[in-house]
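Asks: I would like the atomic coordinates for the input below:
(4 chains)
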Protein chains: 4
Amino acid sequence: MIRVLVWNEFHHEKTKEEVKAIYPNGIHNAIADFLRCDDIEVKTATLDDENCGISKEILDETDVLIWWGHMAHNKVPDEVASLVRDAVHSGMGAIFLHSAHHSKPFKKLMGTPCSLTWRESGDSELVWVTDPSHPITQGIDYAISLPHEETYGEPFSIPNPDKVLFIGSYSGGEAFRSGCLFQRGNGQIFYFQPGHETFPTYYIPEVQTVIRNAVRFVAPRYRAEIKCPHVHHFGHPEGYVRVKKA
Amino acid sequence: MIRVLVWNEFHHEKTKEEVKAIYPNGIHNAIADFLRCDDIEVKTATLDDENCGISKEILDETDVLIWWGHMAHNKVPDEVASLVRDAVHSGMGAIFLHSAHHSKPFKKLMGTPCSLTWRESGDSELVWVTDPSHPITQGIDYAISLPHEETYGEPFSIPNPDKVLFIGSYSGGEAFRSGCLFQRGNGQIFYFQPGHETFPTYYIPEVQTVIRNAVRFVAPRYRAEIKCPHVHHFGHPEGYVRVKKA
Amino acid sequence: MIRVLVWNEFHHEKTKEEVKAIYPNGIHNAIADFLRCDDIEVKTATLDDENCGISKEILDETDVLIWWGHMAHNKVPDEVASLVRDAVHSGMGAIFLHSAHHSKPFKKLMGTPCSLTWRESGDSELVWVTDPSHPITQGIDYAISLPHEETYGEPFSIPNPDKVLFIGSYSGGEAFRSGCLFQRGNGQIFYFQPGHETFPTYYIPEVQTVIRNAVRFVAPRYRAEIKCPHVHHFGHPEGYVRVKKA
Amino acid sequence: MIRVLVWNEFHHEKTKEEVKAIYPNGIHNAIADFLRCDDIEVKTATLDDENCGISKEILDETDVLIWWGHMAHNKVPDEVASLVRDAVHSGMGAIFLHSAHHSKPFKKLMGTPCSLTWRESGDSELVWVTDPSHPITQGIDYAISLPHEETYGEPFSIPNPDKVLFIGSYSGGEAFRSGCLFQRGNGQIFYFQPGHETFPTYYIPEVQTVIRNAVRFVAPRYRAEIKCPHVHHFGHPEGYVRVKKA
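Replies: Residues are numbered from 1 along each chain as shown, chains lettered A, B, ... in the order given. Next comes the predicted model:
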């Protein structure tokens, strides 16, 4: 069973009618609803929860954290962002959606500004698969068609990704690296661009498929805190020896 | 069930007493023996089999090809090497062991000379894990200890690997990128350096663990011939449309 | 002085009036004309020259080879393609333009089919810079605007590039990794997608800027044939020792 | 002229006799001394300088920052580490030496713990070149021989480097990715492992060659603050249009 925690800022849905109309229970619950299945269980947390609904204990029992934030990145305390970063280092998987490119945990993990160009013109977008053999792209044909999305453009100031899985093109002309994989410490990170709050993007079946695939892909295969151990002199042994951690 | 084909040149074992003493049934059978288990079934093929024991039909029914060759790389017909390359492009996994760095299929897939420095001095080697979280390194502590190995040194003229999983150090001083992952087309490729024919390397439990892990990792998740399709004008659709391959 | 050899198939310009009208002296001469400058000297060669105008001696005196081909890839002898591959391994830079993604030398260097989706609908294209700090993108703002191009789409079956420098978006909806860097052996390779023969792409100033930048970037900093040397036992020396190649 | 700032913690040299004996004027001045040449000018700064000798103005006039620190990483204020990180994003080159793997600026730029295994046994080390064609490895044969170094071992918890240029092997058996390149924002970063304070590593000619090469390689080719601009709707223009930044 993969234990997912969907974190959502959950401000837009309470303050803007057009967003509330699309996601009456919040983006987090829309994502939780389509993720729940035989091998995935889901909890949620939001910015207004105590300590953002995040603690070391909660993250220790989370396999995959999904993060959506936009207007209030700076209200997330540095300590919470550091907890998330450290949990990824230990092996927790993380999926950052849409405007979470500018969230504190994502920037701490990337080590770059993670900026881009943007406009809100209601463009349509096609999100193209670059690698049809990857576990995250299974079930998608050439592309995902999004009737409307906020437009994100290059340059996207991220480190060279381990793998670019999707590139998006917008009716207004931009292109963008819309799906990117990174490893940090023992943890896998997937950034996925679709999901502006004013469009019903998370109800589109292929978007749901990608996020579900990603949950299974970034779920930890190994989890251990990273240390900096002082080791003994091992030498080049004469015969076969089993090298053991202390 | 993962269907593995272990290919071995199988000349050393027939012509050199010291090799025959270690691998009386050939390296291929030694590898087959430790791989066979509940989820892995194994066949073998050798250079002296008709057409090297390789055909398109055989590769179509192979999930993972393991390749060991050394003294007779040039006796493998170009057509056979091309069949292997094309099967990897379609999604077949491949594991190239030790001196297979200079085999025709590996060089065709890498696009480089795949050369290195080498000497046979009976050095001991420590093969260190760079990423303890990767599926291929599970079950290995810091390093694998090999009492004797042929020494391989840098520069190893391969393309920048997708991931370096092991680096080896030898008692004689050399260091080497001993475990490297590459994707070519839809197929995953793992190069693993240990396995000189005059040492009983493939009987070492951790070496077996790595190869078994690698079989499971490179086994195809998607298999399809790569084409270059002429597509129709799709345009930026007005509403939600499912993008389908013709 | 950087010595460039521009290789062109030069068939379209002799057989199709619309192409001849755009490139009366051939694409190779159009490229040569804008490249020649204080630090770049240019020669040309074409498919109908003896041995394609390629020999080991000619490549030994070439710093950067630029390759354009489309309808007659298979008329390039395998031996010529191998000469190009080997020269890149030794350090020669190479730039493959547009439909050269399917040329023999490019495929030999990549080790993959290098296929893509395509259509000829006269789309306009915007070629976006992903890394404004790279030497090859200097002089380009956000994007290069191409009034018409042949449309190339993903999946583009290349190995994971060392760096994606440009991604293109087409008015018809596709997105494509339009500028990609690869190292093979000692040589740098740049693939650049613009340049369909029926449009005057190589007269666009920014396209010329990118190709000129690329010539300077892939020009060799080191040139040596790659060997596989048998080395002596070096050991871990007691004191400071200069490690020398034999 | 490349403007280098060598930053050194400069505590060991004041508190430990054995270090003072090797670097009587501090490691920073030893590095500055061998770097100064026709195209490189050098300033220095240390932890005990006001604000660590670092300000935005100073970094704005620095092309390449070299950082050495070990026992007092935590005495560097977070604000200073952030200034360094931001300057790299804008294009400043950075070279982190030896124990600076755990310095605040390096960890902020990597987004990982940057931990490793270590011991101080006076091992000798061979630092092997993996890519003889790279500008940073020019002038080095197969390897650099270091009579004594602190031993660093894998796993080194860094992100997958853009390029591994050196791997070290120690007489005590360890192997380590000793020279690694990363890009963050517009800036290039080189991590180089040699340089423990109790050994005269920075007087070894090849070590000096590598650091001098690295200064020239990471020196900025482009420098601009990274922003997140709101852009206008550009569209797919009808004819050729120059895309300009506002």
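
Asks: now do the same end-to-end measure for stretch A:99-118.
Replies: 10 Å (CA to CA, to the nearest Å).

Asks: how about that stretch, does it reach chain C?
Replies: Yes - with CB under 8 Å from any CB of the partner chain as the criterion, chain C is reached by stretch A:99-118 at A:Thr117. Quick note: C-beta positions are derived from backbone N, CA and C, even for glycine.

Asks: now do stretch A:170-178
Replies: Yes - with CB under 8 Å from any CB as the criterion, chain C is reached by stretch A:170-178 at A:170-171, A:173-177.

Asks: Same question for stretch A:128-136.
Replies: Yes - for stretch A:128-136, a contact with chain C is found by CB under 8 Å from any CB, at A:128-132.

Asks: Which of the residues you listed fall in helices?
Replies: Of the residues of stretch A:128-136 next to chain C, none are assigned to helices by DSSP state H.

Asks: could the residues you listed be laid out in a markdown table, adding distance to chain D?
Replies: Converted to a markdown table, these look like this (distance: CB to the nearest CB, whole Å):
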| residue | distance to chain D |
| --- | --- |
| A:Trp128 | 17 |
| A:Val129 | 22 |
| A:Thr130 | 18 |
| A:Asp131 | 17 |
| A:Pro132 | 23 |
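
Asks: Double-check A:Pro194 against A:Glu149; I have them as touching.
Replies: Yes - between A:Pro194 and A:Glu149 a contact is recorded at 6.1 Å, counting by CB atoms under 8 Å.

Asks: Residues that sit against both of these two, list them.
Replies: A:125, A:168, A:201 (CB atoms under 8 Å, 6 or more residues apart in numbering or on different chains).

Asks: where's the second one relative to chain C, distance?
Replies: If I follow you right, that is A:Gly168. The gap separating A:Gly168 from chain C is 6 Å, by CB to the nearest CB, to the nearest Å.

Asks: Next: the first one.
Replies: To chain C, A:Glu125 is 9 Å away according to CB to the nearest CB.

Asks: so what's that residue up against?
Replies: If you count contacts by CB under 8 Å, 6+ apart, then A:Glu125 has A:145-146, A:148-149, A:151, A:168-171, A:194 around it.

Asks: Look at A:Gln188 and give its secondary structure.
Replies: strand (DSSP: H, G, I helix; E, B strand; the rest coil).

Asks: ok, and the closest non-adjacent residue to it?
Replies: Nearest residue to A:Gln188, sequence neighbours excluded (CB to CB, 6 or more residues apart in numbering or on different chains): A:Val218, at 4.0 Å.

Asks: quick one: the one you found and A:Thr62 touch, right?
Replies: No - using CB under 8 Å, A:Val218 is not in contact with A:Thr62, being 11.6 Å away.

Asks: Spell out which parts of chain A neighbour chain C.
Replies: In this structure, chain A approaches chain C at residues A:117, A:126, A:128-132, A:142-143, A:153-156, A:160, A:163-164, A:167-171, A:173-177, judged by CB under 8 Å from any CB.

Asks: Need the buried ones from those selected in ChimeraX.
Replies: A single ChimeraX command selects the buried members of these (16 or more other CB atoms under 10 Å in any protein chain shown):
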select /A:117,126,128,129,130,131,132,142,143,153,154,155,156,160,163,164,167,168,169,170,171,173,174,175,176,177
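
Asks: Show me the residues of stretch A:170-178 next to chain C that map onto strands.
Replies: Applying DSSP state E to these, the entries found in strands are A:170, A:175-177.

Asks: Please, where are all the helices along chain A?
Replies: Under DSSP H, chain A gives helices at A:12-15, A:17-22, A:27-35, A:56-60, A:78-90, A:104-110, A:205-218.

Asks: most packed of the ones you listed?
Replies: Mean neighbours per residue, mean count of other CB atoms under 10 Å in any protein chain shown, is largest over these for helix A:104-110, with a mean of 24.

Asks: Mind checking if that helix is in reach of chain B?
Replies: No - using CB under 8 Å from any CB, we find that helix A:104-110 stays clear of chain B, coming within 14.9 Å at best.

Asks: in chain A, which residue is closest to the centre?
Replies: In chain A, the centroid-proximal residue (CA atoms, centre = their mean) is A:Ile95; its distance is 1.5 Å.

Asks: mind listing what's buried in stretch A:2-11?
Replies: Neighbour counts over stretch A:2-11 (16+ other CB under 10 Å) mark A:2, A:4-11 as buried.

Asks: if we take the ones in strands among the residues of stretch A:170-178 next to chain C, which one ends up nearest to D:Leu47?
Replies: Among those, A:Arg177 lies closest to D:Leu47 (CB to CB), at 38.9 Å.

Asks: Let me see the contact set for that closest one.
Replies: Residues in contact with A:Arg177, defined by CB under 8 Å, 6+ apart, are A:154, A:156, A:158, A:161, A:164, A:166-167, C:130, C:164, C:167.

Asks: out of everything not next to it in sequence, what's closest to A:Tyr203?
Replies: Leaving aside its chain neighbours, A:Tyr203 sits nearest to A:Ala30 (7.1 Å; criterion: CB to CB, 6+ apart).

Asks: quick one: the one you found and A:Glu13 touch, right?
Replies: No - A:Ala30 lies out of contact with A:Glu13 (CB under 8 Å); the separation is 9.6 Å.

Asks: Show me whatever sits in contact with both of these two.
Replies: Counting by CB under 8 Å, 6+ apart, the contacts common to A:Ala30 and A:Glu13 are A:Tyr23.

Asks: Can I get the buried residues of stretch A:2-11 in JSON lines including distance to C:Glu41 and pLDDT?
Replies: Listed next are the buried residues of stretch A:2-11 as JSON lines, based on distance: CB to CB, whole Å; pLDDT from 0 to 100:
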{"residue": "A:Ile2", "distance to C:Glu41": "60", "pLDDT": "98"}
{"residue": "A:Val4", "distance to C:Glu41": "60", "pLDDT": "98"}
{"residue": "A:Leu5", "distance to C:Glu41": "62", "pLDDT": "98"}
{"residue": "A:Val6", "distance to C:Glu41": "60", "pLDDT": "98"}
{"residue": "A:Trp7", "distance to C:Glu41": "59", "pLDDT": "98"}
{"residue": "A:Asn8", "distance to C:Glu41": "60", "pLDDT": "98"}
{"residue": "A:Glu9", "distance to C:Glu41": "59", "pLDDT": "98"}
{"residue": "A:Phe10", "distance to C:Glu41": "63", "pLDDT": "98"}
{"residue": "A:His11", "distance to C:Glu41": "62", "pLDDT": "96"}
